[in-house]
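Enquirer: my questions concern the predicted model and sequence given below.
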Amino acid sequence: MTVLTALARAAAATGGRALPTKTVRHVHLADRPLVLVAAQLAGEACAPLAVLVGDDRDKPRLLVVYEPRDRTQRFEFAAELAAIMLPAIEGYISAGNHGDDGSVERSEPYPDAPQLLVPNQPTASFLQLLGRSTRFRRTEGEYAVRPSVPVLGRWLTYFSERAEVSPSSQLLPMTVVLADHWATGQSAAEDANLAALLAWISPPDGMTAREAARAAEDPVRCPPAGPVTDPTFDNEVLEPILQAAHEAALTGDTAHLSRARADMERALRGQLEPTWALMWRAIDLLRGLSPAAHVEPRWVNDRWSFTNQVAWLRDGGAPQARRDSAVAAARRLARLEREQQRLAVERAYDDPLVMAEHRMTGEAFAGDVVDADPARLDTTGKRPVLRPWITVATTDAVLFEPGAALRSPLRPAQQATVKDVVLTGRGVTQVVLELKGGMGRSLIPPPGSVPAVGDNVTYTSLKDEFQHAPKFPEIQDTPWTHGGPPPEYVPTDEDAREDWS
Amino acid sequence: MTIADAAASARAVTEAILGDLAKAERGVVVDSPPGAGKSTLVVAAAASLAERGERVIVVGQTNEQVDDLIDRLASEHGVLRIGRLSAQDYIPADRVVVHQNVTVSSSIADLSEHPLVIATAAKWATLADPGTRWPWAIVDEAYQMRSDALLRIAHLFDKALFVGDPGQLDPFSTVETERWLGLNWDPMSSAVAVLLVNNPDIPVHTLPVSWRLPATAAPVVSSAFYPFSGFTAATELKDRGMTWNTRPFGMTSVDLALQTAADSGWALYELPHRHALRTDGEAVDACAELAARALLRGAVTTSERGQHSVTAERIAIGVAHRDQAGAVRRALRARALAYPVLGSALSAVVADTANRLQGREFDLMIMLHPLSGRRDATAFHLEAGRLCVLASRHRHACVVVARAGIPELLDAHPSAEPVHLGVPVKFPDGWEAHHSFMAHLSHFRVPSE
């Protein structure tokens, strides 16, 4: 936790209301996001019980697994989920195929891509497991599933892998997004409860945030956001219904069976609907924030990723391997690190509150320009070159040494080199900077390209510079240090098994 | 153990390693505790391989480490032609330029005639297709290297000698994911860990004595951080000493801490218990004041290398976080104004994070304890490697600056890291190492006034 977040949390706790910690929204929000709230059977990893899913807040679709311990029903449920999700995804594809069948090499990404919103991190992990358990299934022979099931598995896996890439907005857990944009007066563990988190951010009328958060912890009023269900609900409500359905199925009593199933639908709807409503309230809150400048370019990357995934599926690509090979793992890590670094820089450039955190740690400073020599020429080389000097007075703690290369979010193309750092007393530091670039070719800088005396400027060592992707060996050249070349990957039914299952 | 005995036991291990090199099929791993003569071994192995006519590449982790190695190799083997492969914007260090037998180039083609070529792992990784394979590579500081970095350079050589300190900081990644945990080629684990899992037949040697750590420090560091392999100090208590040129005027707690450290090798300069920001102003000031006071008083060390006065470059202040290092540097700068007699000497005091102090050596170490003033003990702050680096940089004395209450903080935060399938349990355990270290320090406690 950074110092600023700690301060905001303390202020929220004393003020009794969550405080915004970002001035803009740092994630993309689709016009019609696909919202999914899930419940699973307690005691078994990834046994789906029910989901509430859809992109229309008034018409969520409820899918229930009436006998969650029956694996056949589990994959029928997956087929039902596929029947909702795949057409939604298909809609984005057909919107981008202008008359052609989509098999041409694309120079542009699809105009939009699907976005999946879930209440919390555990639901995202649940989808990842569901993806793993479905993407390797055979569609013929023993234990065959419907053809849409492995396709759904690949898409769920795709979304889960995108969620690992930090700048991506394709699968977002709502509590993570909200806790990033607001600081509450409760602990991080309590923030993982969507109802309590929203209670702090926008308490219902007539209640303080603290009262609302306490009420949100009552599982009868606010059932858990899933996938884990409330144990009391499991024992008192779910268990008797499951038992009744089980007995009715054994005796072939169809009347009792359909009554038990109706009971089950009603009970599970009651568990999921409050979270469904909370999800849409959270979406409304986030829509109230204007998007940060880099959100759109990042979404273009998501659209490209979606476009490539569509092409991969259409060309009959294999399901995502269960494990990365040595080379694939190293490549992926390198990509994740570069993307995360880029995101950190973009967030700081987009949002003064994020930049403030870097100012606290000495990676940036802000202040007023007190002296400027915009027409200064460096005549030491063969030809004179334009190298303006400016002096910035700041009350931030400046940890940079002369020679440090800095950038300003307002003029990202211009490099600033620290020439001198002078402590002037009264806590003010004067930093002398030499500017280079971003001023055109002539020896007179165009108006506005050099900060003028009196301007408030920010300089930081954070910069997003193009880096070459590191070179890794081909998979067939995996060296002996890493176990040598792996056997060629052939997906099998066995891949769906877990080590612990 | 006398110095002669220590030298004999180190020589025996070195000979065994060189013998293994001659018959190795894939490679050899050498674990080296702090200051155990790792560079000496690298130099000896490189020279021995080069003398046999084998072409060798040496892989370092940072330019600093590579330049240090070149300096030693070139000084001790004046006839050996050494190539320094570098990035294009690398400016050769003075200690590299002085050697006639070293060629610096950014292109491997210029260095093809050289029996020994040295570069950083990052530079070697840019040679996707060098057109040749070297029979041998020596990988220095291999425990600092991430396994994905090894993956990028492994096509360059047939066999390799990996040398490093297993007790130091593990390589890290800014990305938090459990995706690869338990895999034999986890790109986030160290190069040696991955190498040994995939090649369990590779022989592993351990260097037995530390030339750096004094007899006051070696048993403490060995039992806290190397509980299984262990090592001893090469010197005896009487071989090392630290005295002062001047007597203090009165005895402040800072003087008392320095005196305790000079007498016994350790001091715990304890500030009152308080929850503080990471850049705890009082603790940072205490670190700067201790360094300034040691310089003002004029410390003199006696060792097997003779008598030397402790200059500012031989004093280091080690911290956990970069912003703490920045705050210490600011405090040192402010002290320079307060003590004009020291002039700019204070800015030569090294203030840096544990990560950047790895592999370096000083006479007097001042460390800001990673848990000082904290409310919680996270995995980062409990990491044994971080504490080990900070506690094993000194030849003479180490002063630990900390707020009171660390043992209680440890008791309140037993390590609760999850255990994963296929991932070996990490030893030494950071929580246990911290406790063992604090238990030792409690005998040398000096409360600040």
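Expert: Cool, got the structure.
Enquirer: tell me where the model's unsure across chain A.
Expert: Applying pLDDT under 70 to chain A flags residues A:98-105, A:493, A:495-501.
Enquirer: which parts of the longest helix anywhere in it are buried?
Expert: If you go by DSSP state H, chain A has its longest helix at helix A:254-287. Buried residues in helix A:254-287, counted by 16 or more other Cβ atoms under 10 Å in any protein chain shown: A:257, A:260-261, A:263-265, A:267-268, A:271-272, A:274-276, A:278-283, A:285-286. C-beta: built from backbone N, CA, C; applies to glycine.
Enquirer: check these one by one and keep those near chain B.
Expert: By Cβ under 8 Å from any Cβ of the partner chain, no member of the buried residues of helix A:254-287 lies near chain B.
Enquirer: counting neighbours, what do you get for the closest residue in space to residue B:87 that isn't next to it in sequence?
Expert: Take residue B:87 and drop its neighbours on the chain: the residue closest to it by Cβ to Cβ, 6 or more residues apart in numbering or on different chains is residue B:123, 6.0 Å away. Look at residue B:123: counted by other Cβ atoms under 10 Å in any protein chain shown, it has 21 neighbours.
Enquirer: which elements pack onto the longest helix of chain A?
Expert: Where contact means 3 or more Cβ pairs under 8 Å, 6 or more residues apart in numbering or on different chains; DSSP states H and E, helix A:254-287 is packed against strand A:34-40, strand A:48-54, strand A:61-64, helix A:174-181, helix A:194-201, helix A:239-251.
Enquirer: buried ones in stretch B:436-449?
Expert: Those would be B:436-438, B:440-441, B:444-446, B:448, for stretch B:436-449 by 16+ other Cβ under 10 Å.
Enquirer: how far does that stretch stretch from start to finish?
Expert: 26 Å (Cα to Cα, to the nearest Å).
Enquirer: which residue packs closest to the residue of the stretch 101-250 of chain A found nearest chain B, ignoring adjacent ones?
Expert: The minimum distance from the stretch 101-250 of chain A to chain B, using Cβ to the nearest Cβ, falls at residue A:164 (6.0 Å). Leaving aside its chain neighbours, residue A:164 sits nearest to residue B:177 (6.0 Å; criterion: Cβ to Cβ, 6+ apart).
Enquirer: wait, the one you found sits on residue A:336?
Expert: Yes: the pair residue B:177 / residue A:336 is scored as a contact, 7.1 Å apart, by Cβ atoms under 8 Å.
Enquirer: what do the two both touch?
Expert: Here residue B:177 and residue A:336 have residue A:164 as joint contacts, going by Cβ atoms under 8 Å, 6 or more residues apart in numbering or on different chains.
Enquirer: more neighbours, these two?
Expert: residue A:336 (19 against 12).
Enquirer: what's the mean pLDDT across the lengthiest strand in chain B?
Expert: Ordering each strand of chain B by length in residues (DSSP state E) puts strand B:394-403 first. For strand B:394-403, mean pLDDT rounds to 96.
Enquirer: quick revisit: quick check: the residue nearest to residue B:87 is in a strand.
Expert: No: counting by DSSP: H, G, I helix; E, B strand; the rest coil, residue B:123 falls outside a strand, being helix.
Enquirer: could you check the pLDDT of it?
Expert: Predicted confidence (pLDDT) for residue B:123: 91.
Enquirer: can you check the one 4 residues further on too?
Expert: Residue B:127 carries a pLDDT score of 84 in this model.
Enquirer: what number of residues lie near it?
Expert: Using other Cβ under 10 Å, residue B:127 has 19 neighbouring residues.
Enquirer: hmm, residue B:108 and it touching each other?
Expert: Yes: here residue B:127 reaches residue B:108: they are 6.0 Å apart, a contact under Cβ under 8 Å.
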